[in-house]
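Colleague: I'll drop the sequence and a predicted model, then ask my questions.
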Amino acid sequence: QVRLLESGPGLVKPAQTLSLTCTVSGDSITSAFNAWSWIRQAPGKGLEWLGVIKYDGLTYYNQPLKSRTSISRDTSKNIFSLQLNSLKPEDTAVYFCHAKTVVQNIYWGQGTQVTVSS
């Protein structure tokens, strides 16, 4: 059973950088073929995939957000992180970390609310 726990600031100012961390338990982020994503949901909108870091460290991003998004990992701590810079009020959303394992099991974190406001 994989467990994911997001952490980070709940309130950030426009133009600042958001940093969120997902702590993973129950599996290693380097386990073969696992993929670790960040997804968000803005108020009244659907889910938006931000990007993924795969077991081998390769990253892929949602093209419209690619210039503002960075996903990294710390294998010693079994965590992966999201940085989203040049924040705008429309980045206000619940941010989720998400895992897809080699056997196609899907796991979600509980989500963390991020509000971008001055």
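Modeller: Looks like it came in fine. Just so you know, these numbers come straight off a predicted model, no measurement behind them.
Colleague: make it CA atoms for all contacts and neighbour counts henceforth
Modeller: Noted.
Colleague: what secondary structure does the residue positioned nearest the centre of the chain sit in?
Modeller: Residue closest to the average C-alpha location in the chain (CA atoms, centre = their mean): W38, at 2.7 Å. Three-state call for W38 (DSSP: H, G, I helix; E, B strand; the rest coil): strand.
Colleague: For it, name its beta-bridge partners.
Modeller: Per DSSP bridges, the residues bridged to W38 are G51, C97.
Colleague: One more: L18?
Modeller: Bridge pairing for L18 - DSSP bridges - gives L84.
Colleague: neighbours of it, just the number please.
Modeller: 22 (other CA atoms under 10 Å).
Colleague: now do N62
Modeller: Around N62 there are 13 residues (other CA under 10 Å).
Colleague: ok, now V103?
Modeller: Using other CA under 10 Å, V103 has 8 neighbouring residues.
Colleague: Thanks a lot, see you next time.
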